[in-house]
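Engineer: got a predicted model here, sequence first, then my questions.
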Amino acid sequence: MWEYAIKGFTVLMLGITAIQDIRWKKVRVAIVWAAALLICICIPFSSRMPVIERLLGVISGLGVVLLSKITGGKIGLGDGLVLAVTGMGLGFWGNIELFALALALAAVFSIGLIIIRRANRKKIIPFIPFILLAYMLLNISYVL
């Protein structure tokens, strides 16, 4: 039951932040912190994975935050914070899988935009909607 709560809070956070990312290219950090707090409350009651695995998942998301700082914001800071929260629920390898699938989906979408001449390689696209889509694809059994 607690694992379903974690997944529910994660999907809710991803849905809200995806809309914000599409509309304003910014994410309200309060939404991310609220989801992180709710997930942290659920973690002690969930026995699906060890806490250390969840902490490593958070660290993988914080690695994207570090990349954001290194690239001067070319990668969104909000993207990294969102991935840190998804790492709480998915653990390290699950979060890496989520990130890789989201990158692949974003790449396919970007290539499609370039082919139909709606964008060039400098066009900025919101990334959190691809994280949401990847999360739903990876957790299809929970969605159905």
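Structural biologist: Nice, thanks for sending it over. Residues are numbered from 1 along each chain as shown.

Engineer: C-alpha from now on. contacts and neighbour counts both.
Structural biologist: Fine.

Engineer: least confident secondary structure element in this structure?
Structural biologist: Using mean pLDDT, DSSP states H and E, the weakest-scoring helix or strand in the chain turns out to be helix 140-143, at a mean of 63.

Engineer: can you tell me the element the spatially most central residue of the chain falls in?
Structural biologist: Nearest to the mean C-alpha position of the chain, counting by Cα atoms, centre = their mean, stands L83 at 3.9 Å. Assigned by DSSP states H and E, L83 belongs to helix 77-115.

Engineer: quick check: next helix or strand after that helix?
Structural biologist: The helix or strand immediately downstream of helix 77-115 is helix 128-138, counting by DSSP H and E.

Engineer: list the helices and strands that next one packs on?
Structural biologist: Packing partners of helix 128-138 (3 or more Cα pairs under 8 Å, 6 or more residues apart in numbering; DSSP states H and E): helix 2-24, helix 77-115.
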